[in-house]
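J.: from the sequence below, what's the structure:
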Amino acid sequence: MPYTQFMTYQSIFRPGLFAGQTIIVTGGGTGLGRATAHELASLGAHVVLAARKLENLQKVQDEIVAAGGSATAVICNIRQEESVVALFDQVLAERGAV
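T.: A predicted model of the protein is given here:
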C-alpha cells in the first residue's frame, strides 16, 4: 500500500491565525510564493500577491478566492525601489495596514 494513502494535509497553525490581517507575498504568482499565499489565505489573511507578471498573479488570486480566501494581485518589481513604494502606497490606501 503506498504511503500517500495514509497522509493528509494539516496546517501546523491554528485556524484563523491571520484573520483580519493583510500580508504581502512577493513572488506570489508561482512556486513557494504561490504556496505561501494559499496557506496564509487559508489561515484568514487577506493576501496581496506581488510579482512582475500579472497573468500569474491573477490566476493565483482566482484560486484563492475560489477556495474562499481573500487576495489582491499587484504588479511589483522588488528590484525597483519606486515599484516597492508604489506597492506599499496602494496596499496602505486600500487596506489601511500591512
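J.: which residues in this structure form strands?
T.: With DSSP state E, the ranges of strands along the chain come out as 22-26, 46-51, 70-75.
J.: so the lengthiest helix in the chain versus strand 70-75, what angle?
T.: Longest helix of the chain, by residue count under DSSP state H: helix 81-95. In terms of direction (axes from the mean of the first three to the mean of the last three CA atoms, to 10 degrees), helix 81-95 departs from strand 70-75 by 150 degrees.
J.: where's the residue nearest in space to the middle of the chain relative to Val98, distance?
T.: Closest to where the C-alpha atoms of the chain average out (CA atoms, centre = their mean) is Ala37, at 2.9 Å. Distance, Ala37 to Val98, using CB to CB, to the nearest Å: 15 Å. Placement of C-beta: from N, CA and C, glycine included.
J.: Leu87 too?
T.: From Leu87 over to Val98 (counting by CB to CB), the distance is 10 Å.
J.: anything in contact with each of those two?
T.: 24, 48 (CB atoms under 8 Å, 6 or more residues apart in numbering).
J.: what bits of the chain have low per-residue confidence?
T.: For the chain, the stretches flagged by pLDDT under 70 are 1-10.
J.: that'll do, ta.
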